[in-house]
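> Just the structure for this:
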Amino acid sequence: MENRASKEEEAIGVEIKDAPPQTEEYSNILERKNMSMREFYWLWAGVLIQALCISFEACLTQGIGGFVANYFGVTSLTAVLPTILAVLSTALVPFYTKVSDVFGRAGSLTYAFTSYIVGLIIEGSAQSFLQLAIGQIFYGMGLTGIQALSQVVIADTTSLLHRGIMFAMYDMGNVANIWIAQALIDPLTLGGTADKWRIGYIIMGCVSGFGALALLLPLWYVQLSLKRRKVAQPPRRNLRWLADEFDIPGAILIILALSLTLLPLVLARRVANNWKSPIIIGLFCSGIVCFILLFIWEGKWAKRPIMSIKIWTNRTAFASLMIMFLLKVLGNVVWQYLTQYFVVSRDMTFGESYLLVRGFQMAWLIFQLIAGLIMRRYKKARLLVWIGIFVYVLGVGLMIPARHQDASTFLIVASQTVAGAGGGLAHLACSVLVTGVVHKKDVATVIGASQILVSFGSAVGNALAGGIWTQYLPSRLSVHVTGPYDQNRAMNEPLKYVKYLEPVTKKQVIQAYSDSQKLMSIIGLGVAALTIVCAAMMQHVNLEQDQDTQDRIALGEEVPEIEDEKKEVKN
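Just a heads-up that it's a prediction; the model follows:
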């Protein structure tokens, strides 16, 4: 590193004797250049094994989630738990990334895995909806940290050119797990009110525990090994140092801003007059005020901002984050109640319905890997964003006719596959771009910002889907259903009640369901169109730049031409 620095100083005309002595700043970033080959491969094996285990849990949870809600008789509340989880996740992400920067990746991930597994245990043993919600809180606290910090570890240890492939590889376990989980869903859900679904949580807990060990063992080893080899020593950790590092005023403001903004999305449907209620309007407006105060504090006075203002003023970073946010909003609006809809309208089992819905996810994952390979080969990312967005809009448009109760299975699968392909291309390219325009010290923060917006998008999408189901669906039921029926049971117990209605009434209820699904797809199409505006804001990013050059660009420094000449000679 010293020889490299000397050559660069000579190249730009700086005499070595005049250069001030440089001291290495202590950092918990797991840079690849500081690891041995064995450490790197061991760590990455752990990352991929853990990703495989976590994706198995996610696929199985998605498959039996609708049945569990039906088991407790709260199908109309299906959107509430994910929304609460999204609120919690959004508030926790910046703390995870900040703690990992201060105390290291291993300790933060250890806490996250502990909370995650405890949450699975509580959910699997729940005897009421309240207990299930408590389990979701612990589960969400852990899953948030795992998802955010795993992305941070990937960004720490990979170059910008290879980062897309590694991000895609992290998610590829879902391709196999979609089929593995599908084979387990029917045995765990068939049997009426039987609680065989609890066995699924036992399986998920065991698999997730194995994945946790696979990652934490090499991560602790690598982190402690790097700490022993570092020349710089960690700073003394007194109360003032902790206050500066953790940006306590910023932390308080971000909790207030996110909670006060997101909670009305959950509570509005339970309060009289919904958004006309002074309480709901007051909460939401207070959240907006806290956001304004947060940006003022972070931009003017914070020494170590918990959410650097530089991220939001960079056009490419801002556009990438907003596209990922909008894609998540769309996904949660369109797919929140789709599994239950197919179960009722097509007389499917939950396993069959789950597999039909997963066409979108399969295409998303496969095209993420294709996007990573294209970026590695052609060094293009912004073009992939444009292609992905246009394909995504086309797929969502096809979903509107595909939600008709008599639509062909081919149209359903085709619309979801097209949308998934476009979404995978756009999302992965944005994930790489957003980490390619910031300094390495801000990588954890920008990944945290992406996770925050994804969680926020989940909350908004779930709230929109839940609002349509609880407010628009009753009006459509009133229009279509002519015979006697129980509206509450029709909305909350589709598996127990609607499937066994007499044929005419059942068809009318399904027609109301279809109208609600079409409205969700129309809203999704409008959201997808907004991503085009964001894509127009992006600037070109050179994927071949190394981390040092990337850092200098992020700091606004000029990059000497000699570096580009050396790169051309090397290539």
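> From residue 188, how far off is residue 110?
From residue 110 over to residue 188 the distance is 30 Å, taken as Cβ to Cβ, to the nearest Å. Every C-beta, even on glycine, is put in place using the N, C-alpha and C of the backbone.
> Settle it for me: which of those two has more neighbours?
Counted by other Cβ atoms under 10 Å, residue 110 and residue 188 do not tie: residue 188 has more neighbours, with 24 against 17.
> hang on, isn't the more buried one packed against residue 196?
Yes: shown here, residue 188 and residue 196 form a contact pair, counting by Cβ atoms under 8 Å, at 5.3 Å.
> What score does residue 154 have for pLDDT?
Residue 154 is assigned 89 on the pLDDT scale.
> what's the burial count for it?
Residue 154 has 22 neighbours, counted by other Cβ under 10 Å.
> try residue 409
11.
> do residue 458 as well
24.
> again, but for residue 526
Residue 526 has 11 nearby residues by other Cβ under 10 Å.
> The helix or strand hosting it - contacts with which helices or strands?
Per DSSP states H and E, residue 526 falls inside helix 503-535. In this structure, helix 503-535 makes packing contacts with helix 315-335, helix 338-345, helix 382-402, helix 443-467, helix 473-480, judged by 3 or more Cβ pairs under 8 Å, 6 or more residues apart in numbering; DSSP states H and E.
> Mean pLDDT and distance to residue 136 added to these, as TSV?
Converted to TSV, the helices and strands packed on helix 503-535 look like this (pLDDT from 0 to 100; distance: least, Cβ to Cβ, whole Å):
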stretch	mean pLDDT	distance to residue 136
helix 315-335	89	16
helix 338-345	82	18
helix 382-402	92	28
helix 443-467	78	13
helix 473-480	88	24
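> could you dump these to JSON lines with distance to residue 289?
Shown next, in JSON lines, are these (distance: least, Cβ to Cβ, whole Å):
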{"stretch": "helix 315-335", "distance to residue 289": "21"}
{"stretch": "helix 338-345", "distance to residue 289": "37"}
{"stretch": "helix 382-402", "distance to residue 289": "33"}
{"stretch": "helix 443-467", "distance to residue 289": "17"}
{"stretch": "helix 473-480", "distance to residue 289": "34"}
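> Tell me which of the ones you listed lies nearest to residue 249.
helix 443-467 (16.7 Å; Cβ to Cβ).
> tell me the angle of the closest one relative to helix 503-535?
150 degrees (axes from the mean of the first three to the mean of the last three Cα atoms, to 10 degrees).
> Distance from the chain centre to helix 443-467, please.
Distance, stretch centre to chain centre, for helix 443-467: 7 Å (Cα atoms, centre = their mean, to the nearest Å).
> Could you list every helix and strand in contact with that helix?
By 3+ Cβ pairs under 8 Å, 6+ apart, helix 443-467 packs against helix 80-103, helix 129-157, helix 248-267, helix 309-313, helix 315-335, helix 409-436, helix 503-535.
> Kindly state which of those helices is positioned closest to residue 462.
Nearest to residue 462, of the helices and strands packed on helix 443-467 and by Cβ to Cβ, is helix 80-103 at 4.3 Å.
> average model confidence for the closest one?
71.
> would you turn the helices and strands packed on helix 443-467 into CSV with distance to residue 212?
Compiled in CSV, the helices and strands packed on helix 443-467 are given as follows (distance: least, Cβ to Cβ, whole Å):
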stretch, distance to residue 212
helix 80-103, 16
helix 129-157, 9
helix 248-267, 27
helix 309-313, 30
helix 315-335, 26
helix 409-436, 24
helix 503-535, 35
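> Identify whichever of those helices lies nearest to residue 402.
helix 409-436 (4.5 Å).
> Can you give me the buried ones in the closest one?
412-436 (16 or more other Cβ atoms under 10 Å).
> Stretch 343-363 too?
Within stretch 343-363, the residues that count as buried by 16+ other Cβ under 10 Å are 343-345, 349-363.
> Residue 453 and residue 542, how far apart?
For residue 453, the distance to residue 542 - Cβ to Cβ - is 25 Å.
> higher neighbour count, these two?
When residue 453 and residue 542 are compared for neighbours, residue 453 comes out ahead with 21 against 16, by other Cβ under 10 Å.
> and the gap between the more buried one and residue 347?
38 Å.
> before we move on, what about residue 71?
Per Cβ to Cβ, residue 71 is found 20 Å from residue 347.
> pretty sure residue 424 is touching residue 366, no?
Yes: look at residue 424 against residue 366 with Cβ under 8 Å: they come within range, at 7.0 Å.
> Show the low-confidence segments of the chain, by residue range.
Residue ranges of the chain with pLDDT under 70: 1-27, 74-91, 191-194, 230-246, 262, 265-274, 307, 546-551, 553-571.
> Which of the helices and strands packed on helix 443-467 sits closest to residue 371?
helix 409-436 (4.4 Å).
> so of the buried residues of stretch 343-363, which ones are in helices?
Among those, DSSP state H puts 343-345, 350-357, 359-363 in helices.
> Buried residues in the host helix or strand of residue 366, which are they?
Assigned by DSSP H and E, residue 366 belongs to helix 359-378. Using 16+ other Cβ under 10 Å as the test for burial, helix 359-378 gives 359-372, 374-375.
> Tell me how many other residues crowd the nearest residue to residue 512 once chain neighbours are set aside.
Using Cβ to Cβ, 6 or more residues apart in numbering and skipping residues adjacent in sequence, the residue nearest residue 512 is residue 476, 3.8 Å away. Burial measure for residue 476: 19 neighbouring residues, criterion other Cβ under 10 Å.
> ok, now residue 544?
12.
> what secondary structure does it sit in?
coil (DSSP: H, G, I helix; E, B strand; the rest coil).
> going forward can the numbers begin at 47, since that is how I track them
With the count now opening at 47, the last piece we talked about shows up as residue 590.
> Export the helix holding residue 412 to CSV, keeping only CA atoms.
What follows is helix 405-424, C-alpha atoms only, in CSV (Å, rounded to 0.1, in the frame of the first residue of the first chain):
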residue,chain,number,x,y,z
GLY,A,405,-43.2,-17.3,-10.9
PHE,A,406,-42.4,-13.6,-10.2
GLN,A,407,-39.8,-14.5,-7.6
MET,A,408,-38.1,-17.1,-9.8
ALA,A,409,-37.8,-14.7,-12.7
TRP,A,410,-36.6,-11.9,-10.4
LEU,A,411,-33.8,-14.1,-8.9
ILE,A,412,-32.6,-15.6,-12.2
PHE,A,413,-32.5,-12.2,-14.0
GLN,A,414,-30.6,-10.7,-11.0
LEU,A,415,-27.8,-13.1,-11.7
ILE,A,416,-28.0,-12.4,-15.4
ALA,A,417,-27.8,-8.7,-14.6
GLY,A,418,-24.7,-9.3,-12.5
LEU,A,419,-23.0,-11.2,-15.3
ILE,A,420,-23.9,-8.5,-17.9
MET,A,421,-22.4,-5.8,-15.6
ARG,A,422,-19.2,-7.9,-15.2
ARG,A,423,-18.9,-8.4,-19.0
TYR,A,424,-20.0,-5.1,-20.4
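> and that helix, what does it pack onto?
So helix 405-424, by 3+ Cβ pairs under 8 Å, 6+ apart, packs with helix 206-217, helix 219-235, helix 428-448, helix 455-482.
> Please render those helices as JSON lines that adds distance to residue 174 to the earlier fields.
Formatted as JSON lines, the helices and strands packed on helix 405-424 follow (distance: least, Cβ to Cβ, whole Å):
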{"stretch": "helix 206-217", "distance to residue 174": "34"}
{"stretch": "helix 219-235", "distance to residue 174": "19"}
{"stretch": "helix 428-448", "distance to residue 174": "35"}
{"stretch": "helix 455-482", "distance to residue 174": "34"}
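> Which of those sits closest to residue 303?
Using Cβ to Cβ and comparing the helices and strands packed on helix 405-424, the one that lies nearest residue 303 is helix 455-482, at 21.1 Å.
> for residue 204, phi and psi?
phi -130, psi 150 (degrees, to the nearest 10).
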